[in-house]
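J.: have a look; sequence and predicted model below, questions after that.
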Protein chains: 2
Amino acid sequence: MEERLTANGLSGLQGYHLRRASKHVQEDLARTLEPFDLRMITFSALSIIAENDGLRQFQLAELLTIERPNLVVIVDELEGNGLIRRDQVKTDRRAYALRITKVGKKRLEDALHAVEAHEKRLFGDLSDEERQALKSALKSIAQNSREEGDHG
Amino acid sequence: MEERLTANGLSGLQGYHLRRASKHVQEDLARTLEPFDLRMITFSALSIIAENDGLRQFQLAELLTIERPNLVVIVDELEGNGLIRRDQVKTDRRAYALRITKVGKKRLEDALHAVEAHEKRLFGDLSDEERQALKSALKSIAQNSREEGDHG
């Protein structure tokens, strides 16, 4: 019966195709980031820290919609690799301001070039109409779902 | 600085929006399936078993692209809830053929109605053009990524 196996019920669902495409893009992105010693979540964190010099750990946790213990792992990893530093806040000794280092800036820049190439490879052959429809469809879908968005 | 926090680098990536929309759809689907005591993966498995009466466990594992130990959990859950049964194959005593029960058929039918409503709620306000473009864009993206597809 091997050749007769079907999953028509699932492949009739639009959410199924969305999930499948998203999974492929994520796997491809993970492979793209690997040579830079970055994971999707550390790449996201580094990118946000670069844009928001001195932001606090709790703010990064909020933007990434992750729990504090998980954030510590991410921040430790980035700091351990010399990509960011953690400065104690003068007015609040328990708080830390996150800053990207020179090494971190260079790493992010290189990773971004690779990510741009990855995006071009995956999305590059869409027509302008498809790209526009994809954008507007994804926006509409996100709005129609009940949960709020995140940057994770 | 709260109000000035940005994630422009990330939100400029098409993969980011794809992932975000997919995550929302998955969360919404999980909530949709909860009243039926189904998870996304058990729903997928039940749907495939319904379509392929008597398929073997290893075939289901292949279609779901999951490892055997994880499959056992899924099959146990479905069998424990009376939705499928596991028949020993006469010609191979170590093999089991999976079959949906009457209760399972009814449960799947009810769940499918809820899933259709969920899809309509999330994708219903796309225009025909957007829907078509989304479909073709997702197909193109999946093809452009290096990995093979799955039904998980």
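T.: In hand now; what should we look at? Numbers count the residues shown, from 1 in each chain, chains lettered A, B, ... in the order given.

J.: could you find the closest non-adjacent residue to the closest residue to chain B within chain A?
T.: Distances between chain A and chain B by C-beta to the nearest C-beta are smallest at residue A:133, namely 3.1 Å. Backbone N, C-alpha and C define where each C-beta goes, glycine included. Distances taken as C-beta to C-beta, 6 or more residues apart in numbering or on different chains place residue B:133 nearest to residue A:133, at 3.1 Å, with adjacent residues excluded.

J.: give me the neighbour count for that neighbour.
T.: 23 (other C-beta atoms under 10 Å in any protein chain shown).

J.: so it sits in a helix?
T.: Yes: according to DSSP: H, G, I helix; E, B strand; the rest coil, the state of residue B:133 is that of a helix.

J.: in stretch A:45-60, what's buried?
T.: By 16 or more other C-beta atoms under 10 Å in any protein chain shown, the buried positions in stretch A:45-60 come out as A:45-52, A:55-57, A:59-60.

J.: actually, stretch A:75-90.
T.: Buried residues in stretch A:75-90 (16+ other C-beta under 10 Å): A:75, A:77-79, A:81, A:83-84.

J.: before we move on, what about stretch A:89-102?
T.: Per 16+ other C-beta under 10 Å, stretch A:89-102 contains these buried residues: A:96-101.

J.: do the same with stretch A:116-124
T.: A:118-119, A:122-123.

J.: any residues touching it, and which ones?
T.: With C-beta atoms under 8 Å, 6 or more residues apart in numbering or on different chains as the contact definition, stretch A:116-124 has outside contacts at A:24-25, A:28-29, A:32, A:131, B:13-15, B:141, B:144-145.

J.: hmm, the strand ranked longest in chain A in reach of chain B?
T.: Using DSSP state E, we find that the single longest strand of chain A is strand A:92-100. No: Strand A:92-100 stays out of contact with chain B when judged by C-beta under 8 Å from any C-beta of the partner chain, the minimum separation being 9.9 Å.

J.: which SSE is immediately downstream of that strand?
T.: Along the chain past strand A:92-100, the next helix or strand (assigned with DSSP states H and E) turns out to be helix A:102-123.

J.: kindly export that following helix (C-alpha atoms) in CSV.
T.: C-alpha atoms of helix A:102-123 as CSV (Å, rounded to 0.1, in the frame of the first residue of the first chain):
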residue,chain,number,x,y,z
LYS,A,102,32.6,45.9,18.2
VAL,A,103,33.0,42.2,17.6
GLY,A,104,29.2,41.8,17.9
LYS,A,105,28.6,44.5,15.4
LYS,A,106,30.8,42.9,12.8
ARG,A,107,29.3,39.5,13.5
LEU,A,108,25.8,40.8,13.1
GLU,A,109,26.7,42.6,9.9
ASP,A,110,28.2,39.4,8.4
ALA,A,111,25.2,37.3,9.6
LEU,A,112,22.8,39.9,8.1
HIS,A,113,24.5,39.6,4.7
ALA,A,114,24.0,35.8,4.8
VAL,A,115,20.4,36.2,6.0
GLU,A,116,19.7,38.6,3.1
ALA,A,117,21.1,36.0,0.7
HIS,A,118,18.9,33.3,2.3
GLU,A,119,15.9,35.5,2.0
LYS,A,120,16.7,36.2,-1.7
ARG,A,121,17.1,32.4,-2.3
LEU,A,122,13.8,31.5,-0.7
PHE,A,123,11.6,34.5,-1.6
